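Based on what follows, work out the 3D shape:
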Amino acid sequence: MKERRRSRIMTLLRERVVETQGELVRLLGEENLPVAQATISRDIKEMGLVKVPAGDGRQRYAAPPGMLLNQEKQASKLFHECVLKVVEAENLVVVTTLTATVNTVNEAVCGLEWPEIVGSLVGGRNIFVFLQSREAAARVAERLRGLMD
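Numbering: from 1, shown residues only. This next block holds a predicted model:
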């Protein structure tokens with residue numbers, strides 16, 4: 001649960017301006033991830049999140065510099081433990097996971113923020129990763145397989 005919650009926190013911070021811990025509590029609750037503010041406070045500290053200018057004198061939460069390298073390490077651990085196979089098909093890569101881990105793995109894929117990835121869709125135990133081209137699919141499939149090692 002902690003891993004999934006923290007993955008969602010990172011996604012929320014990429015997708016919108018989040019100014020307060022209370023706002024994170026509310027957003028996670030709307031996604032059926034109820035959490036106490038004390039837990040969010042601990043997550044923020046342990047994840048090393050920082051406040052950065054959001055414009056108009058406001059501040060927002062953001063990942064610290066260098067977090068992407070950390071995300072790739074975390075994705076590698078997750079892929080090693082939860083991914084069964086990675087297969088490419090045209091401009092699509094299908095990632096098959098262990099039961100009940102598909103959403104967490106999908107969040108890790110999204111968190112990589114690789115520019116070739118257009119988006120992803122979850123179905124059953126599979127993640128369908130849409131790429132810009134066949135060539136991009138081949139490169140990304142190879143990189144994802146590398147995370148399994």
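
Leaving aside the residues adjacent along the chain, what's closest to Leu98?
Sequence neighbours aside, Cys82 is the residue nearest to Leu98 in space, at 5.0 Å (criterion: CB to CB, 6 or more residues apart in numbering). Every residue, glycine included, has its C-beta placed from N, CA and C.

What of Phe130?
Going by CB to CB, 6+ apart, Phe130 has Val118 as its nearest residue, at 4.4 Å.

mind exporting the host helix or strand of the one you found as PDB, just the C-alpha atoms?
If you go by DSSP states H and E, Val118 is part of strand 117-123. Extracted as PDB, the C-alpha positions of strand 117-123 are listed here (Å, rounded to 0.1, in the frame of the first residue of the first chain):
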ATOM      1  CA  ILE A 117       6.100   6.800 -24.200                       C
ATOM      2  CA  VAL A 118       2.800   8.300 -25.300                       C
ATOM      3  CA  GLY A 119       0.700   6.700 -22.600                       C
ATOM      4  CA  SER A 120      -0.400   3.400 -21.000                       C
ATOM      5  CA  LEU A 121      -3.500   1.400 -20.300                       C
ATOM      6  CA  VAL A 122      -4.000  -1.300 -17.800                       C
ATOM      7  CA  GLY A 123      -6.100  -4.500 -18.500                       C
END
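
Identify each buried residue in the helix-or-strand element of the chain with minimal mean pLDDT, please.
Sorting the helices and strands of the chain by mean pLDDT, DSSP states H and E puts helix 67-82 at the bottom, at a mean of 80. In terms of neighbour count (16 or more other CB atoms under 10 Å), helix 67-82 has its buried residues at Met67, Gln71, Glu72, Gln74, Ala75, Leu78, Phe79, Cys82.

ok, Ser120 - how many residues close by?
Residues lying near Ser120 (other CB atoms under 10 Å) number 17.

coming back round to it: so the residue nearest to Leu98 is in contact with Thr99, correct?
No. With contact defined as CB atoms under 8 Å, Cys82 does not reach Thr99; the gap is 9.7 Å.

and the spatially closest residue to Thr101 that is not a sequence neighbour, what does it touch?
Distance criterion CB to CB, 6+ apart; nearest residue to Thr101, sequence neighbours excluded, is Cys82 at 4.1 Å. Taking CB atoms under 8 Å, 6 or more residues apart in numbering as the contact definition, Cys82 lies against Thr97, Leu98, Thr101, Thr104, Val105.
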